[in-house]
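Peer 1: using only what follows, build the 3D model:
(one chain, ligands or ions: 1)
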Amino acid sequence: MLRGKHVLLGITGSIAAYKAAYIVRLLVREGAEVKVVMTAAAKHFITPLTLATLSRNPILTEFFDPENGQWNSHVSLGLWADLYLIAPASANTLSKMAHGIADNLLLTTYLSAKCPVMAAPAMDLDMYAHPATQESMDILRTRGVEIIEAASGELASGLDGKGRMEEPEVIVRRIKSLFSRSCSLMGRRALVTSGPTREAIDPVRFISNHSSGKMASAIADELARRGAEVTVVSGPAAVRPSEPGVRIVDVVSARQMYEATVAEYDKGSDITVLCAAVADFTPASPSTSKIKKDGERMELTLVPTEDIAAAIGLRRRQDGVVAGFALETDNAEDNALSKLRRKNMDMIVLNSLRDPGAGFGTDTNKVTFFFRNGDSQSLPLESKADVAAALVDRLERLLGQC
Ligand code: PMT
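Peer 2: Okay, here's the model as predicted:
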């Protein structure tokens, strides 16, 4: 997928610089041509020789070569690159990028680059969380830089927290996804519901479920990569879409999700995917103060929530497509088909909690698509990203038939 692509890798001074060697190796293995530009501080963490050997190109660190005076033109480097990846990106470099400071070759090249820019921050957790760093990242995001958020885990300082540069495999996957973006859904609007809902019992307790938001986020990201303008109505999910430009409307309860989803749908949606695990019941009268235990049994009266999918089914436009999910344990196919009809959808995606690796929280899913015209298609267990790609392929086809 990266064959012939020109990737310029900027390395700054961070212990994570050693991972840059793996990034270069993976990119070269994928067929990309890689050039590396390093700051002076980066050379303390990894040698230019290592990177030159892996990239098969000389390493650029200075504006000119002190031995022969040869000029390293940041302008032509910026023009050469199809992508400028800065990994690791230190707090110092992020701040300079955000404020247009150009005191080294890596930064002047950033200011000259005409290609997409990605930055993978790496630093200690407090530096990462500092408002100055967060603000620098926000500024860069608004200017179109794709920030590959740091991961959480053990840091070089010995502390544990968010600040580790993402793994090279993840970074290369993001690069591939950037180059695979297409325009097939350009000008289309998409709406996705995501995550669980929380139904309050009292101010400290609620009823919810195990949805992580992974499946819905993969769908939203896939739609965004194909050019759609994507809105996600999300309950309190651990995972959120990572593609830039995806708009997120945060909600908590089923009632709030219902109101937000219907309002967004009424603004116009060509593709609607109802992937949230919405609570079917909510406490009839949540207590406004904490319920005290008194040693007795407690009975909770639950009333049904609004069915969002059914509400969309009632008001649906003929020139858009609507897909839902069915999460089942028993009589899976019959239940899925019944939901498809009752909720007036174009297709339903069945996933069963009986299948290992499918459903809540997993990175994989095993699904069957059922269509309104009676067709169906079963997919093997695969990553949620691949399931999302297959689903969006089918939705695009259905949209073409509207
Ligand atoms: O988030 P993950 O951890 O990645 O897990 C993904 C998932 C298992 C949550 C997802 O793949 C999934 O199956 N989502 C739908 C879960 C669900 O609530 O299924 P259901 O069979 O109860 O509902 C059927 C359809 O009606 C769904 O499209 C649901 O969004 C919708 N619904 C349900 C109840 C309700 N009150 N309003 C609704 O719109």
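
Peer 1: nearest to the ligand: which residue in the stretch 1-150 of the chain?
Peer 2: Glu149 (18.6 Å; CB to the nearest ligand atom). From N, CA and C alone the C-beta is placed, and that goes for glycine too.

Peer 1: residues in contact with stretch 387-398: which ones?
Peer 2: 184-185, 215, 218-219, 221-223, 226, 271, 273, 321, 323, 346-347, 349, 365, 367, 369, 371, 377, 379 (CB atoms under 8 Å, 6 or more residues apart in numbering).

Peer 1: in helices only, show me the residues you listed.
Peer 2: Using DSSP state H, Met215, Ala218, Ile219, Asp221, Glu222, Leu223 are the members of the contacts of stretch 387-398 that sit in helices.

Peer 1: kindly indicate which of the residues you listed lies nearest the ligand.
Peer 2: Among the ones in helices among the contacts of stretch 387-398, Met215 lies closest to the ligand (CB to the nearest ligand atom), at 3.5 Å.

Peer 1: give me phi/psi at the closest residue in space to the closest one that isn't next to it in sequence?
Peer 2: Sequence neighbours aside, Lys384 is the residue nearest to Met215 in space, at 5.1 Å (criterion: CB to CB, 6 or more residues apart in numbering). When read as degrees, to the nearest 10, the backbone of Lys384 gives phi -60, psi -30.

Peer 1: wait, what's in contact with Lys384?
Peer 2: Lys214, Met215, Ala218, Thr362, Asp363, Thr364, Asn365.

Peer 1: and the ligand, which of these contact it?
Peer 2: Lys214, Met215 (CB under 6 Å from any ligand atom).

Peer 1: which pair of the contacts of Lys384 spans the longest distance?
Peer 2: Longest distance between any two of the contacts of Lys384 is 11.5 Å, between Ala218 and Thr362; criterion CB to CB.

Peer 1: Ile271 versus the nearest residue to Cys275 once chain neighbours are set aside, what's the distance?
Peer 2: Of all residues not flanking Cys275 in the chain, Ala216 sits nearest, at 3.9 Å (CB to CB, 6+ apart). As judged by CB to CB, to the nearest Å, Ala216 and Ile271 stand 13 Å apart.

Peer 1: among these two, which residue is more densely surrounded?
Peer 2: It is Ala216, of Ala216 and Ile271, that has more neighbours when counted by other CB atoms under 10 Å, with 30 against 26.

Peer 1: do me a favour and average the pLDDT over stretch 370-390.
Peer 2: Averaged across stretch 370-390, pLDDT comes to 92.

Peer 1: isn't there a strand covering Arg173?
Peer 2: No: using DSSP: H, G, I helix; E, B strand; the rest coil, the secondary structure at Arg173 is helix, not a strand.

Peer 1: tally up the residues packed near it, please.
Peer 2: A total of 15 residues lie near Arg173 under the criterion other CB under 10 Å.

Peer 1: distance of it relative to the ligand?
Peer 2: 18 Å (CB to the nearest ligand atom, to the nearest Å).

Peer 1: relative to Phe179, how far out is that residue?
Peer 2: 11 Å.

Peer 1: try Phe360
Peer 2: Distance of Phe360 to Phe179, computed by CB to CB: 32 Å.

Peer 1: swap in Pro48?
Peer 2: Computed as CB to CB, the Pro48 to Phe179 distance reads 27 Å.

Peer 1: do the same with Asp375
Peer 2: Distance of Asp375 to Phe179, given as CB to CB: 32 Å.

Peer 1: once you drop chain neighbours, what's closest to Lys339?
Peer 2: Per CB to CB, 6+ apart, closest to Lys339 is Ala326, 5.1 Å.

Peer 1: give me the most central residue, this protein.
Peer 2: Ser242 (2.2 Å; CA atoms, centre = their mean).

Peer 1: which non-adjacent residue is nearest that residue?
Peer 2: Closest to Ser242 by CB to CB, 6+ apart is Asp221, at 6.0 Å.

Peer 1: cool, Ser352 as well?
Peer 2: Nearest one to Ser352, counting by CB to CB, 6+ apart, is Ala332 at 4.7 Å.

Peer 1: does the residue lying closest to Leu54 once chain neighbours are set aside belong to a helix, a strand or coil?
Peer 2: Among residues not flanking Leu54 along the chain, Val24 sits closest, at 4.4 Å (CB to CB, 6+ apart). Under three-state DSSP, Val24 falls in the helix class.

Peer 1: my guess is Val24 contacts Ile11. True?
Peer 2: No: if you go by CB atoms under 8 Å, Val24 and Ile11 don't touch, sitting 9.5 Å apart.

Peer 1: which residues do those two both contact?
Peer 2: Val36, Leu51.

Peer 1: between the two, who's got more neighbours?
Peer 2: Per other CB under 10 Å, whichever of Val24 and Ile11 has more neighbours is Ile11, with 33 against 26.

Peer 1: and the gap between Ile171 and Ala238?
Peer 2: 21 Å.

Peer 1: so for the two, which residue has more residues nearby?
Peer 2: Taking neighbours as other CB under 10 Å, Ile171 and Ala238 compare with Ile171 leading, 23 against 12.

Peer 1: residues touching the more buried one, list them.
Peer 2: Residues near Ile171 by CB under 8 Å, 6+ apart: Ile23, Leu85, Ala87, Met118, Ala120, Ile148, Met165.

Peer 1: picking up where we left off before, settle it for me: which of Asp375 and Phe179 has more neighbours?
Peer 2: Neighbours were counted for Asp375 and for Phe179 using other CB under 10 Å; Phe179 has more, 15 against 10.

Peer 1: and the helix or strand containing Leu9, what other elements does it pack with?
Peer 2: Secondary structure from DSSP states H and E places Leu9 in strand 6-11. Judged by 3 or more CB pairs under 8 Å, 6 or more residues apart in numbering; DSSP states H and E, strand 6-11 is in contact with helix 18-29, strand 33-38, helix 74-80, strand 83-89, helix 105-112.

Peer 1: what's the pLDDT at Ile139?
Peer 2: Note on Ile139: pLDDT of 93.

Peer 1: and Leu60, by the same measure?
Peer 2: At Leu60, the pLDDT value in this model is 91.
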